[in-house]
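In: the sequence isn't on hand, but the structure is:
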(Lines give C-alpha, C1' and ligand atoms only; values in the text may rest on other atoms or scores of the structure.)
Protein backbone atom coordinates (compact mmCIF):
# COMPACT_ATOMS: atom_id res chain seq x y z
CA UNK A 1 0.00 0.00 0.00
CA UNK A 2 1.19 3.40 -0.31
CA UNK A 3 1.00 7.01 0.63
CA UNK A 4 0.01 9.85 -1.66
CA UNK A 5 -0.72 13.58 -1.59
CA UNK A 6 -3.32 15.67 -3.27
CA UNK A 7 -2.80 19.36 -3.97
CA UNK A 8 -5.95 21.42 -4.33
CA UNK A 9 -7.70 21.40 -6.62
CA UNK A 10 -6.12 18.54 -8.58
CA UNK A 11 -4.36 15.27 -7.80
CA UNK A 12 -0.64 15.96 -7.61
CA UNK A 13 0.75 12.45 -7.42
CA UNK A 14 0.88 9.25 -9.36
CA UNK A 15 0.16 5.76 -8.17
CA UNK A 16 3.42 4.10 -7.31
CA UNK A 17 3.27 0.34 -7.49
CA UNK A 18 0.33 -1.04 -5.63
CA UNK A 19 0.20 0.34 -2.15
CA UNK A 20 -0.73 3.97 -1.90
CA UNK A 21 -0.87 6.58 0.83
CA UNK A 22 -2.23 9.96 -0.21
CA UNK A 23 -0.86 12.93 1.70
CA UNK A 24 -3.16 15.91 1.36
CA UNK A 25 -2.30 19.47 2.29
CA UNK A 26 -4.08 20.62 5.42
CA UNK A 27 -6.84 23.18 4.74
CA UNK A 28 -5.78 25.19 7.79
CA UNK A 29 -2.88 25.33 10.17
CA UNK A 30 -5.00 23.65 12.84
CA UNK A 31 -3.96 20.31 14.23
CA UNK A 32 -4.87 17.31 12.15
CA UNK A 33 -7.19 14.51 13.13
CA UNK A 34 -6.49 10.94 14.17
CA UNK A 35 -7.18 8.42 11.41
CA UNK A 36 -7.65 4.75 12.29
CA UNK A 37 -6.96 1.87 9.91
CA UNK A 38 -6.86 -1.88 10.42
CA UNK A 39 -4.71 -4.14 8.26
CA UNK A 40 -5.55 -7.84 8.51
CA UNK A 41 -2.62 -9.77 7.05
CA UNK A 42 -4.00 -12.97 5.54
CA UNK A 43 -3.63 -15.43 2.69
CA UNK A 44 -5.82 -14.91 -0.35
CA UNK A 45 -5.89 -16.56 -3.76
CA UNK A 46 -4.77 -14.08 -6.41
CA UNK A 47 -4.74 -14.70 -10.16
CA UNK A 48 -2.43 -13.02 -12.64
CA UNK A 49 -1.19 -14.34 -15.99
CA UNK A 50 -3.78 -17.17 -15.71
CA UNK A 51 -1.89 -18.46 -12.67
CA UNK A 52 -3.59 -18.56 -9.27
CA UNK A 53 -1.55 -18.68 -6.11
CA UNK A 54 -2.14 -18.15 -2.44
CA UNK A 55 -0.29 -15.05 -1.33
CA UNK A 56 -0.08 -12.70 1.60
CA UNK A 57 -2.51 -9.79 1.28
CA UNK A 58 -3.79 -6.92 3.37
CA UNK A 59 -7.52 -7.12 4.06
CA UNK A 60 -7.74 -9.81 1.37
CA UNK A 61 -6.67 -7.37 -1.37
CA UNK A 62 -3.74 -7.26 -3.77
CA UNK A 63 -2.78 -4.53 -4.12
CA UNK A 64 -3.72 -3.60 -0.60
CA UNK A 65 -5.83 -0.65 0.58
CA UNK A 66 -4.80 2.93 0.15
CA UNK A 67 -4.53 5.44 2.96
CA UNK A 68 -5.54 9.06 2.51
CA UNK A 69 -4.34 11.58 5.06
CA UNK A 70 -3.56 15.26 5.52
CA UNK A 71 -0.62 17.19 6.89
CA UNK A 72 -0.74 17.07 10.68
CA UNK A 73 -2.91 13.94 10.86
CA UNK A 74 -2.00 11.22 13.29
CA UNK A 75 -2.21 7.70 11.84
CA UNK A 76 -3.01 4.68 13.97
CA UNK A 77 -2.72 1.56 11.82
CA UNK A 78 -3.37 -1.71 13.63
CA UNK A 79 -1.69 -4.61 11.81
CA UNK A 80 -2.97 -8.07 12.77
CA UNK A 81 -0.93 -11.02 11.52
CA UNK A 82 -3.08 -14.04 10.54
CA UNK A 83 -0.35 -15.83 8.50
CA UNK A 84 2.55 -18.12 9.40
CA UNK A 85 5.20 -15.58 8.31
CA UNK A 86 6.45 -12.83 10.56
CA UNK A 87 5.58 -9.43 9.09
CA UNK A 88 6.31 -5.71 9.38
CA UNK A 89 5.05 -2.76 7.36
CA UNK A 90 7.46 -0.08 6.16
CA UNK A 91 6.02 3.36 5.40
CA UNK A 92 8.30 4.10 2.49
CA UNK A 93 9.25 7.76 2.35
CA UNK A 94 7.35 8.85 5.47
CA UNK A 95 9.53 11.03 7.65
CA UNK A 96 9.30 9.38 11.03
CA UNK A 97 9.98 12.50 13.09
CA UNK A 98 10.07 11.42 16.74
CA UNK A 99 8.49 8.08 15.76
CA UNK A 100 11.41 6.05 14.37
CA UNK A 101 9.99 2.90 15.97
CA UNK A 102 7.10 3.11 13.47
CA UNK A 103 9.35 2.95 10.39
CA UNK A 104 8.92 -0.82 9.98
CA UNK A 105 12.21 -2.48 8.96
CA UNK A 106 12.27 -5.80 10.80
CA UNK A 107 15.03 -6.22 13.39
CA UNK A 108 16.12 -2.60 12.86
CA UNK A 109 13.31 -0.39 14.16
CA UNK A 110 11.02 -3.12 15.45
CA UNK A 111 10.64 -6.81 16.08
CA UNK A 112 8.45 -8.50 13.48
CA UNK A 113 4.79 -9.08 14.18
CA UNK A 114 4.46 -12.79 14.84
CA UNK A 115 1.59 -15.09 13.90
CA UNK A 116 -1.54 -14.25 15.89
CA UNK A 117 -0.04 -10.99 17.19
CA UNK A 118 -0.73 -7.35 16.34
CA UNK A 119 1.09 -4.05 16.39
CA UNK A 120 -0.18 -0.49 16.13
CA UNK A 121 1.85 1.88 13.97
CA UNK A 122 1.47 5.34 15.45
CA UNK A 123 2.90 8.38 13.69
CA UNK A 124 2.02 11.89 12.57
CA UNK A 125 2.40 13.23 9.05
CA UNK A 126 4.71 16.26 9.30
CA UNK A 127 6.09 18.35 6.46
CA UNK A 128 5.12 16.00 3.65
CA UNK A 129 2.97 15.95 0.56
CA UNK A 130 2.91 13.55 -2.34
CA UNK A 131 2.26 9.97 -3.29
CA UNK A 132 4.22 7.48 -1.25
CA UNK A 133 3.79 3.78 -0.63
CA UNK A 134 3.90 1.14 2.07
CA UNK A 135 5.03 -2.45 1.82
CA UNK A 136 5.96 -5.53 3.82
CA UNK A 137 9.52 -5.24 5.07
CA UNK A 138 10.75 -8.67 5.98
CA UNK A 139 12.51 -11.18 3.78
CA UNK A 140 11.07 -11.42 0.26
CA UNK A 141 7.50 -10.79 1.31
CA UNK A 142 8.15 -7.29 0.01
CA UNK A 143 8.84 -8.57 -3.52
CA UNK A 144 5.59 -7.15 -4.89
CA UNK A 145 6.72 -3.63 -4.01
CA UNK A 146 9.23 -3.84 -6.82
CA UNK A 147 6.36 -3.97 -9.30
CA UNK A 148 6.95 -7.60 -10.18
CA UNK A 149 4.74 -10.70 -10.36
CA UNK A 150 6.20 -14.12 -9.66
CA UNK A 151 4.11 -17.17 -10.58
CA UNK A 152 6.15 -19.03 -7.97
CA UNK A 153 6.57 -18.34 -4.27
CA UNK A 154 9.11 -15.49 -3.83
CA UNK A 155 10.30 -17.01 -0.55
CA UNK A 156 11.09 -20.32 -2.30
CA UNK A 157 12.81 -18.47 -5.17
CA UNK A 158 15.16 -16.55 -2.86
CA UNK A 159 15.80 -19.69 -0.78
CA UNK A 160 16.90 -21.56 -3.91
CA UNK A 161 19.12 -18.66 -4.95
CA UNK A 162 20.72 -18.58 -1.50
CA UNK A 163 21.44 -22.33 -1.62
CA UNK A 164 22.95 -22.26 -5.12
CA UNK A 165 24.77 -18.93 -4.83
CA UNK A 166 23.17 -17.71 -8.03
CA UNK A 167 20.80 -14.84 -8.55
CA UNK A 168 17.05 -15.35 -8.07
CA UNK A 169 14.86 -16.22 -11.03
CA UNK A 170 13.51 -13.23 -12.88
CA UNK A 171 9.90 -12.30 -12.33
CA UNK A 172 7.20 -13.50 -14.72
CA UNK A 173 5.83 -9.98 -15.29
CA UNK A 174 6.29 -6.36 -14.37
CA UNK A 175 3.26 -4.73 -12.80
CA UNK A 176 1.75 -1.33 -12.11
CA UNK A 177 -0.60 -1.29 -9.11
CA UNK A 178 -0.33 -5.08 -9.00
CA UNK A 179 -1.50 -5.53 -12.61
CA UNK A 180 0.63 -6.73 -15.54
CA UNK A 181 0.52 -4.85 -18.79
CA UNK A 182 -1.16 -6.06 -21.99
CA UNK A 183 2.07 -7.47 -23.46
CA UNK A 184 1.95 -10.55 -21.21
CA UNK A 185 0.01 -13.66 -22.09
CA UNK A 186 -3.35 -13.96 -20.39
CA UNK A 187 -3.28 -10.45 -18.92
CA UNK A 188 -5.74 -8.39 -20.99
CA UNK A 189 -8.46 -8.53 -18.32
CA UNK A 190 -5.92 -7.45 -15.69
CA UNK A 191 -4.89 -4.28 -17.52
CA UNK A 192 -6.18 -0.90 -16.39
CA UNK A 193 -7.96 1.01 -19.14
CA UNK A 194 -7.90 4.79 -19.32
CA UNK A 195 -11.28 6.42 -18.97
CA UNK A 196 -12.03 8.87 -21.66
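Out: Yes, it's here. Please read these numbers as outputs of a predicted model, since none were measured by experiment.
In: so which strand or helix has the closest residue to residue 91 other than its chain neighbours?
Out: Sequence neighbours aside, residue 134 is the residue nearest to residue 91 in space, at 5.2 Å (criterion: CB to CB, 6 or more residues apart in numbering). Bear in mind the C-beta positions are built from the backbone N, C-alpha and C, glycine included. For residue 134, the host element (DSSP states H and E) is strand 130-136.
In: what does residue 159 give?
Out: Counting by DSSP H and E, the element that carries residue 159 is helix 154-164.
In: which residues sit against that helix?
Out: By CB atoms under 8 Å, 6 or more residues apart in numbering, the surrounding residues in contact with helix 154-164 are 85, 139, 140, 141, 143, 150, 167, 168, 169.
In: low pLDDT regions in the chain?
Out: Under the criterion pLDDT under 70, the flagged ranges of the chain are 1-30, 142-146, 190-196.
In: which among the contacts of helix 154-164 end up buried?
Out: The neighbour count (16 or more other CB atoms under 10 Å) marks 85, 139, 140, 141, 143, 150, 168 as buried among the contacts of helix 154-164.
In: pretty sure the last one sits in a helix.
Out: No - the assignment for residue 168 by DSSP: H, G, I helix; E, B strand; the rest coil gives coil, which leaves it out of any helix.
In: quick check: the closest residue to it other than its chain neighbours vs residue 55, distance?
Out: By the measure of CB to CB, 6+ apart, the closest residue to residue 168 outside its immediate chain neighbours is residue 161, 4.1 Å from it. Residue 161 sits 19 Å away from residue 55, going by CB to CB, to the nearest Å.
In: equivalent analysis for residue 128, please.
Out: 30 Å.
In: re earlier: show me the buried ones among the contacts of helix 154-164 that map onto strands.
Out: With strands identified by DSSP state E, none of the entries of those belong to them.
In: looking at this protein, which strand is longest?
Out: Scanning the chain for the strand with the most residues, using DSSP E, yields strand 34-48.
In: off-centre distance for that one?
Out: How far strand 34-48 lies from its chain's middle: 10 Å, per CA atoms, centre = their mean, to the nearest Å.
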